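> Sequence and predicted structure, then a few things I'm wondering about:
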Amino acid sequence: MPADLAAQLRDLPGWQLEDGRLVRTVRLESFRAALDLVVAVGDEAEAMNHHPDVDLRYDQVRFALWTHVAGGVTQYDVELAHRISALLPAG
Ligand SMILES: C[C@H](O)[C@H](O)[C@H]1CNC2=NC(N)=NC(=O)C2=N1
């Protein structure tokens, strides 16, 4: 767990720490938009070799980020959260 995670969370609006995971749920305009987001996040995950837990339900996607080998949240998860946030529709 990064020592300054609380401070870093201030730069990650919409994300919260839940049961040792960095979590965010987003609602998109359609299933297709949600699916496209999941694919785009997948591309980032593959580029980082760091993968989210994804729960896709119609137009809603929940991302839960944690580092398997560490059993909790690390800087990799903070970085992936920023990349996911950057992929979200504005507003
Ligand atoms: C072998 C492979 O590099 C590892 O399993 C990677 C893959 N993606 C990963 N993703 C996440 N979230 N945590 C990990 O520890 C992790 N490890």
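Looks like it came in fine. Residues are numbered from 1 along each chain as shown.
> How about the residues of the chain by the ligand?
Within reach of the ligand by C-beta under 6 Å from any ligand atom, the chain has these residues: 49-51, 66-69. Glycine gets a C-beta too; all of them are placed from N, C-alpha and C.
> Now restrict the residues you listed to buried residues only.
50-51, 66-67 (16 or more other C-beta atoms under 10 Å).
> which residues of this structure fall in helices?
5-9, 31-48, 75-87 (DSSP state H).
> highest average neighbour count across those?
helix 75-87 (a mean of 17; mean count of other C-beta atoms under 10 Å).
> Any chance you could list what contacts that helix?
Outside helix 75-87, the residues within contact range by C-beta atoms under 8 Å, 6 or more residues apart in numbering are 2, 5, 8, 11-15, 22, 24, 37, 40-41, 44-45, 48, 50, 52, 63, 65-67.
> How much space separates A90 from the ligand?
27 Å (C-beta to the nearest ligand atom, to the nearest Å).
> Show me the contact partners of the one helix or strand in the chain whose mean pLDDT sits lowest.
Here the helix or strand of the chain ranked lowest by mean pLDDT, DSSP states H and E is helix 5-9, holding a mean of 93. With C-beta under 8 Å, 6+ apart as the test, helix 5-9 has contacts from 2, 15-17, 73, 78.
> please redo it, this time with the cut-off set to 10 Å
Contacts to helix 5-9, defined as C-beta atoms under 10 Å, 6 or more residues apart in numbering, come from residues 2, 12, 15-17, 22, 72-75, 77-78, 81-82.
> Just give the nearest non-adjacent residue to D11, would you?
The shortest distance from D11 to any non-neighbouring residue, by C-beta to C-beta, 6 or more residues apart in numbering, is to H82 (7.8 Å).
> separation between that neighbour and D59?
Counting by C-beta to C-beta, to the nearest Å, the gap from H82 to D59 is 23 Å.
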